[in-house]
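> kindly return the folded structure for what I paste below:
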Amino acid sequence: DQQLTRDEIPVLVEKCVNFVFAHASMSEGIYRRSGSNTNVSKLLAEFRQDAWQVQLSRDQYSEHDVSTVLKRFFRDLPEPLLSTELHKHLCNAAGMDCSTEDKVNIYRSLLEKLPPIHYVTVRKLMGHLYFIQEKQNRNKMSVENLGSIWGPTLMHVENKDSLEWSQKESLAVSDLISLYPKLFHVEEEEIARERKMMHVLERYHNSAVVTPQLSSKPSGDLKVWIYLGSKDSNQCYNVELDPNKEAGQVCQELASRLSPPTPSHELCLMEVVCGGDLTRILHYREKVLSVVLEWGYWDETDRKDNALVLCSNEEWRKIVAPMFKDPQAVCGELKFADRKSKSFKAFLFEFCQSKLCYYKDKKGSVLLGEWKIEEIIWYVGHEKKRDPQTRWSFTFIPRHKAKRSKDSPWFGNTVAGYTNEDKFKWMSAMLFALYGASDLLPKTDLM
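The predicted model follows:
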């Protein structure tokens, strides 16, 4: 019996994969080198006792301890992850001389015969190994190297320990790794998101400190300070992050710390940047580590005072309310200043079909610029040094923010308007385009 995550993946697998991803994606020989027998046995015993309570930290366990635990877990399963029933068929598929498309179809039809928990676990593991091999220039672990290790681990069958079978198992698992995106219908967006995470993790490991907010403990754990209520609060807590930890999970973790305790569905994490001038509420499914590591690309002056604050999501609820009664295309005159300009000018703006556009004329016949909503990050507010003299504003930057320069001295482009009604219309339209009406707020948490 295994404790499972909400995705029905064994908790041990989830925790070990996340640890290796965060701490060892670049480690030479990951999964080839073995950990300490003492540490591996101790950790396996802890997982058997209560997997949810296991805390993996670098001061106790090396990346090779954890990777060995993951291998040992699969090796010791009474029924292999890639089941005995499929063993011969998978090995035969590996040796077939056919097109990639045909091979994908054969493997896919075989994998679909696995029990549901086996299937989602195979998907999780193959995705993990796919991204490990993408860093083979650093970790020296090619698809072939990983296949030779994981083949016999995932396909162990009694009376089939010959070299010939071992080679076929290695080839089969090598195929499952290299064909992962096609086998499991993985969207390019998901691949791009994981590659971005790999990139920012590599940046983190290549520098002593990426951001002052990301704790550099002797343990090597990735931790961040979360302020309660406001950035100026004396109450803050150090929260451990893994690559998949979502803003909503952090809210659940810290909800009881508030006085009085508050249901997590009434809370949000707010990103506070530019000395407090700009704020952004994180969607409850947003990956927190990705947000913090992204600050590492910014100018030091832009990131040095950044913070994450746990607070009420009342403002978010006000913003999303208009979308349930108003059309999600918005048009009107707003003031605008780009990264090059301190002064604001009035332009016709439109948000339609997930794009923010502005025009030279009031008829909207001469387009001056447009931005896809999924390619920008927008914050409520503006830099103090350029005041649009309006009631509200928002500032947006590309998802990969360019640093300030002599020609572009401002943090981002700023749009400003006069009435709160307009504020909620514009902001709700952009949120709807990003997340859809059904996924804007977390489910009710009964404390």
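> what mean pLDDT does stretch 198-207 get?
Across stretch 198-207, the average pLDDT comes to 66.
> shaky segments in the stretch 201-350 of the chain?
Residue ranges of the stretch 201-350 of the chain with pLDDT under 70: 203-222, 322-327.
> helices of that one, residue ranges please.
With DSSP state H, counting those that start in this stretch as the criterion, the stretch 201-350 of the chain has helices at 247-254, 288-294, 300-303, 314-320.
> among those, which is nearest residue 190?
Residue 190 lies closest to helix 288-294 among the helices of the stretch 201-350 of the chain, at 13.3 Å (C-beta to C-beta). All C-beta spots, glycine's among them, are computed from the backbone N, C-alpha and C.
> centre of the chain to the closest one, how far?
Distance, stretch centre to chain centre, for helix 288-294: 8 Å (C-alpha atoms, centre = their mean, to the nearest Å).
> dump the C-alpha coordinates for that helix into CSV.
The C-alpha trace of helix 288-294 is given here as CSV (Å, rounded to 0.1, in the frame of the first residue of the first chain):
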residue,chain,number,x,y,z
VAL,A,288,6.1,29.9,-6.5
LEU,A,289,9.8,28.9,-7.1
SER,A,290,9.5,29.9,-10.8
VAL,A,291,8.3,33.4,-9.7
VAL,A,292,11.2,33.9,-7.3
LEU,A,293,13.9,32.6,-9.6
GLU,A,294,12.6,34.8,-12.4
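> packing partners for it?
With contacts taken as 3 or more C-beta pairs under 8 Å, 6 or more residues apart in numbering; DSSP states H and E, helix 288-294 sits against helix 188-206, strand 222-228, strand 307-312.
> in CSV, list the helices of the stretch 201-350 of the chain along with distance to residue 33.
Formatted as CSV, the helices of the stretch 201-350 of the chain follow (distance: least, C-beta to C-beta, whole Å):
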stretch, distance to residue 33
helix 247-254, 31
helix 288-294, 25
helix 300-303, 35
helix 314-320, 46
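> out of the ones you listed, which comes closest to residue 127?
helix 288-294 (16.6 Å).
> hey, which of the helices and strands packed on helix 288-294 is tucked in deepest?
Greatest average neighbour count among the helices and strands packed on helix 288-294 goes to strand 307-312 (a mean of 21), per mean count of other C-beta atoms under 10 Å.
> who touches that strand?
Identification of contacts with strand 307-312 by C-beta atoms under 8 Å, 6 or more residues apart in numbering yields 213, 224-231, 233, 250-251, 254, 258, 262, 266-272, 282, 288, 291-292.
> cool, and stretch 339-351?
Taking C-beta under 8 Å, 6+ apart as the rule, stretch 339-351 contacts 329-337, 356-364, 368, 373, 385-386, 388-389, 404, 407-416, 426, 429-430, 433.
> could you tell me the end-to-end distance of it?
20 Å (C-alpha to C-alpha, to the nearest Å).
> cool, stretch 397-412 as well?
End-to-end distance for stretch 397-412, by C-alpha to C-alpha: 5 Å.
> can you check stretch 22-36 too?
This stretch, stretch 22-36, spans 20 Å end to end (C-alpha to C-alpha).
> same question for that stretch, mean pLDDT?
Across stretch 22-36, pLDDT averages out at 92.
> buried sites along it?
For stretch 22-36, the neighbour count (16 or more other C-beta atoms under 10 Å) marks 22-27, 30-31, 35 as buried.
> wait, which of those is closest to residue 109?
For the buried residues of stretch 22-36, the nearest to residue 109 is residue 31 (28.0 Å; C-beta to C-beta).
> contacts only, for that closest one.
Applying C-beta under 8 Å, 6+ apart, we find residue 31 in contact with 67, 71, 132, 141, 146, 149-150.
> re earlier: mind putting the helices and strands packed on helix 288-294 into TSV with distance to residue 62?
Shown next, in TSV, are these (distance: least, C-beta to C-beta, whole Å):
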stretch	distance to residue 62
helix 188-206	15
strand 222-228	16
strand 307-312	29
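> thinking again about what came up before, dump the helices of the stretch 201-350 of the chain into TSV; add mean neighbour count and distance to residue 83 as well.
What follows is those, written out as TSV (neighbours: other C-beta atoms under 10 Å; distance: least, C-beta to C-beta, whole Å):
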stretch	mean neighbour count	distance to residue 83
helix 247-254	21	32
helix 288-294	21	34
helix 300-303	15	49
helix 314-320	16	46
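> out of these, which gets nearest to residue 241?
Among the helices of the stretch 201-350 of the chain, the nearest to residue 241 by C-beta to C-beta is helix 288-294 (4.3 Å).
> for the most centrally placed residue in the chain, which residues make a bridge with it?
Residue closest to the mean C-alpha point of the chain, counted by C-alpha atoms, centre = their mean, is residue 287 at 4.1 Å. When assigned by DSSP bridges, residue 287 has beta-bridge partners residue 246.
> residue contacts, residue 236?
Contact analysis of residue 236 by C-beta under 8 Å, 6+ apart lists 225-228.
> that one and residue 93: what is the separation?
Applying C-beta to C-beta, to the nearest Å, the value for residue 236 to residue 93 is 54 Å.
> domain parsing for the chain?
11-202, 209-312, 320-439 (automatic domain parsing).
> between helix 188-206 and the host helix or strand of residue 23, find me the angle.
If you go by DSSP states H and E, residue 23 is part of helix 11-24. Using axes from the mean of the first three to the mean of the last three C-alpha atoms, to 10 degrees, the inter-axis angle of helix 11-24 relative to helix 188-206 is 50 degrees.
> got a list of what residue 96 touches?
By C-beta under 8 Å, 6+ apart, the neighbours of residue 96 are 102-103, 106.
> quick check, nearest of those residues to residue 114?
Nearest to residue 114 among these, with distances taken as C-beta to C-beta, is residue 106, at 14.4 Å.
> in JSON lines, list the contacts of residue 31 along with secondary structure, neighbour count and distance to residue 53.
Formatted as JSON lines, the contacts of residue 31 follow (DSSP: H, G, I helix; E, B strand; the rest coil; neighbours: other C-beta atoms under 10 Å; distance: C-beta to C-beta, whole Å):
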{"residue": "67", "secondary structure": "helix", "neighbour count": "26", "distance to residue 53": "21"}
{"residue": "71", "secondary structure": "helix", "neighbour count": "18", "distance to residue 53": "22"}
{"residue": "132", "secondary structure": "helix", "neighbour count": "27", "distance to residue 53": "27"}
{"residue": "141", "secondary structure": "coil", "neighbour count": "21", "distance to residue 53": "30"}
{"residue": "146", "secondary structure": "helix", "neighbour count": "25", "distance to residue 53": "30"}
{"residue": "149", "secondary structure": "helix", "neighbour count": "18", "distance to residue 53": "29"}
{"residue": "150", "secondary structure": "helix", "neighbour count": "26", "distance to residue 53": "28"}
